[in-house]
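Participant: below is the structure, and that's it, no one-letter string:
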């Protein structure tokens, strides 16, 4: 499980189950366990107003400079 946090205010945005290797480029909605974000149309925002990503039907396309993550990635597929 990864905890996705805002790069500006360091507050939690998602608890996300990452599978496989690689970067977090998109977060699939079915793998988001806890959602602490604020939605404004298709924009996914932190409580402080920082734009984290764009909601695109099956996933959230993440903005790389807007977040960081802590936790471990699962290597199983």
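Facilitator: Sure thing, it's come through. Please read all numbers here as calculations on a predicted model, not as lab measurements.

Participant: got a list of contacts for the helix or strand bottoming out on mean pLDDT in the chain?
Facilitator: Sorting the helices and strands of the chain by mean pLDDT, DSSP states H and E puts strand 67-71 at the bottom, at a mean of 93. Strand 67-71 is contacted from outside by 1-7, 13, 16, 18, 24, 52-53, using Cβ atoms under 8 Å, 6 or more residues apart in numbering. From N, CA and C alone the C-beta is placed, and that goes for glycine too.

Participant: now with 10 Å?
Facilitator: For strand 67-71, the surrounding residues in contact (Cβ atoms under 10 Å, 6 or more residues apart in numbering) are 1-8, 10, 12-18, 23-24, 27, 44, 46, 50-53, 62.

Participant: what comes up buried for that strand?
Facilitator: Residues of strand 67-71 classed as buried: 67, 69 (neighbour count, 16 or more other Cβ atoms under 10 Å).

Participant: ok, the spatially closest residue to residue 17 that is not a sequence neighbour - contacts?
Facilitator: Of all residues beyond its chain neighbours, the one nearest residue 17 is residue 31 (4.4 Å), with distances taken as Cβ to Cβ, 6 or more residues apart in numbering. By Cβ under 10 Å, 6+ apart, residue 31 lies in contact with 1, 2, 14, 15, 16, 17, 18, 19, 59.
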